[in-house]
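Participant: this is a predicted model, with the sequence first.
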Amino acid sequence: MENRTQAPQRTGGATPPAMPVATPPRMPAAASAPPALPPQQSQPPLVQQATPIAATVEVEPYATIMLVAGEASGDAHAAALIHALRRYEPTLRFIGAGGPQMAAAGQDQLFDLAAYAVVGLWEVLPHYFTFRRFQSQLLALARKEKPAVVILVDYPGFNLRMLPGLRAALPHSRLVYYIAPQTWAWKPGRAQQMAQHLNLLLTLFPFEVEWFNRNARRLPVQCVGHPTLDRLDFSTLGPRVPGRVALLPGSRAAEVKSFLPIMWEAAHMLAAKRVGIHFVLITPNEEMRRTCMEILDKLDAPSFPFEVFSSYQLTHLARCEMAMVKSGTSSLECAFVGVVPVIVYRLHPVTAVFARWWIKLKHVGMINLLAGEEIVPELLQEQFTSRNLAQTTWRIIRKPRIMQETRQAMAEVIAGTLGGPGASERAAEAVLREVETALHG
């Protein structure tokens, strides 16, 4: 894993006026490499509440940091980063746009961007003018507040389009991208745009550092590891329950409305094949739980034991044997806790036509991409039907040996590529070095 943490020199423009600052934050000299994660080792939870500052004492912020994140996973990872930054410097001020977890972590939100999470060319079109308005509002906020650092978190369809405007509006601020866009999968030319405007790219996977070093050599890149590993505490996960299958239709409303009915029909088919099988619907938040229940109210009543949980996804997921899961962060989380996933996805037909031109990958599930081969099944586009999903799940769940071999293969891939916990801390250290550069040069 290669670390390139040295920030480039500021280019263009006059030196900004010095800001009144408090004592500099506690800064390590360099980011540490992620340690190996021993199997089944108990890890302390990362996210903790920042120490509150007494309401009667006015403390001038050490610096202002602006974060922009869409989607539930980006909201969660950005919130963990805010908490980690506050542990180094409690007086940091956070502004921008994100979701409920970032707001709870203390960011002053301009609006809830995570509520508008969509993906795909056709799917974005109905929201085009809304997103343009949001981008204009964020640029206006940046020009007004002049944050020392701007952190764009994942969500490339929105964030990359805003990047040139941010650089023009903030010539002296440091621009950081956290969770690299998958330019290695499609539209590789975007890497040059990123190199032109960004001061630092923080990736989750080691192979991304190698790819950007080849395709955007002027861009400083550092791999910090995957923040989900920070939330793993195996001592609290509980035992796996035989016959328990998770339904993970995603965090975007449009995807849930499309995928959940197919998963639900497949669940009925599986229940007809095996007595004792039961299903768990796991949603990232209460709002998505309500959306799912509205969908299920219109479908056949369950003919099997069925539970619904929102939040604490890893805790509930770890007690399952298998999962029907939308491609994305949740499919990798299955691998983290040893749950065998059947990964599914379906784009709108118009988006799919363009995707076939742009995307040149054999697999879409990250665990398969990391392995370089298909170690868990994927059902994509026309292959994603309720019958195929039920049959694929049935072939695996009725053979414990296959499940165990798949778990072992996933564990070996994770241990060999992702290392251990501490991603949010390493990301915070890198961001604070950018803060120091912005304030003191």
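Facilitator: Good, I have the coordinates.

Participant: quick one: contacts for Ala169?
Facilitator: Listed by CB atoms under 8 Å, 6 or more residues apart in numbering, the contact set of Ala169 reads Leu139, Ala142, Arg143. (Each C-beta comes from the backbone N, C-alpha and C, glycine too.)

Participant: show me which of those are buried.
Facilitator: Burial by neighbour count, judged by 16 or more other CB atoms under 10 Å, picks out Leu139, Ala142 from the contacts of Ala169.

Participant: among the contacts of Ala169, which lie within helices?
Facilitator: Those of the contacts of Ala169 mapping onto helices are Leu139, Ala142, Arg143, per DSSP state H.

Participant: related to what we said a few turns ago, which one of the contacts of Ala169 sits closest to His83?
Facilitator: His83 lies nearest to Ala142 out of the contacts of Ala169, by CB to CB, at 23.0 Å.

Participant: for the spatially closest residue to the closest one that is not a sequence neighbour, grab phi and psi.
Facilitator: In space, and not counting its chain neighbours, Ala142 is closest to Ala169: 5.1 Å by CB to CB, 6 or more residues apart in numbering. The phi and psi values for Ala169, taken as degrees, to the nearest 10, are phi -80, psi -30.

Participant: ok, now Ala97?
Facilitator: With angles defined as degrees, to the nearest 10, Ala97 sits at phi -140, psi 140.

Participant: any idea how far Ala191 is from it?
Facilitator: Per CB to CB, to the nearest Å, Ala97 is found 25 Å from Ala191.

Participant: more neighbours: which of those two?
Facilitator: In this view Ala97 and Ala191 are compared by other CB atoms under 10 Å, and Ala97 has more residues nearby, 26 against 21.

Participant: mind listing what the more buried one touches?
Facilitator: With CB under 8 Å, 6+ apart, Ala97 has these contacts: Leu67, Val68, Ala69, Gln109, Leu110, Phe111, Asp112, Leu113, Phe134, Leu138.

Participant: now those residues as a markdown table including secondary structure and pLDDT?
Facilitator: Formatted as a markdown table, those follow (DSSP: H, G, I helix; E, B strand; the rest coil; pLDDT from 0 to 100):
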| residue | secondary structure | pLDDT |
| --- | --- | --- |
| Leu67 | strand | 98 |
| Val68 | strand | 98 |
| Ala69 | strand | 96 |
| Gln109 | strand | 95 |
| Leu110 | strand | 95 |
| Phe111 | strand | 93 |
| Asp112 | strand | 92 |
| Leu113 | helix | 90 |
| Phe134 | helix | 94 |
| Leu138 | helix | 97 |
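
Participant: list buried residues within these.
Facilitator: Listed as buried from the contacts of Ala97 are Leu67, Val68, Ala69, Gln109, Leu110, Asp112, Leu113, Phe134, Leu138; burial here means 16+ other CB under 10 Å.

Participant: just flag the most distant two among those.
Facilitator: So, these by CB to CB: farthest apart are Leu67 and Phe134, at 14.2 Å.

Participant: against which helices or strands is whichever strand or helix holds Met194 packed?
Facilitator: Per DSSP states H and E, Met194 falls inside helix 190-197. Judged by 3 or more CB pairs under 8 Å, 6 or more residues apart in numbering; DSSP states H and E, the packing partners of helix 190-197 are helix 156-169, helix 206-215.

Participant: all helices for the stretch 301-441 of the chain, in order.
Facilitator: For the stretch 301-441 of the chain, the helices defined by DSSP state H, counting those that start in this stretch occupy 313-317, 329-336, 349-358, 366-371, 386-397, 400-417, 423-440.

Participant: highest mean neighbour count out of those?
Facilitator: helix 329-336 (a mean of 25; mean count of other CB atoms under 10 Å).

Participant: may I have that one as CSV, with CA atoms only?
Facilitator: C-alpha atoms of helix 329-336 as CSV (Å, rounded to 0.1, in the frame of the first residue of the first chain):
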residue,chain,number,x,y,z
THR,A,329,-21.2,-1.0,0.0
SER,A,330,-23.6,-3.5,1.6
SER,A,331,-22.2,-6.4,-0.6
LEU,A,332,-18.7,-5.7,0.8
GLU,A,333,-20.1,-5.5,4.3
CYS,A,334,-21.5,-9.0,3.8
ALA,A,335,-17.9,-10.2,3.1
PHE,A,336,-16.6,-8.4,6.2
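
Participant: give me the distance between that helix and the centre of its chain.
Facilitator: Remark: helix 329-336 is offset 11 Å from the chain centroid, using CA atoms, centre = their mean, to the nearest Å.

Participant: ok, the closest residue to Lys273 other than its chain neighbours - contacts?
Facilitator: If the residues on either side of it in the chain are set aside, Lys273 comes closest to Trp394, at 5.8 Å by CB to CB, 6+ apart. When contacts are counted by CB under 8 Å, 6+ apart, Trp394 is found next to Leu270, Lys273, Arg274.

Participant: show me which of those residues is closest to Leu418.
Facilitator: Leu270 (31.1 Å).

Participant: and for the closest one, the neighbour number?
Facilitator: 23.

Participant: which strand or helix spans it?
Facilitator: Using DSSP H and E, Leu270 falls in helix 253-273.

Participant: next SSE downstream of that helix?
Facilitator: strand 278-283.

Participant: what pairs with that next one, parallel or antiparallel?
Facilitator: Sheet pairing of strand 278-283 (DSSP bridges) gives strand 244-248 (parallel), strand 306-310 (parallel).
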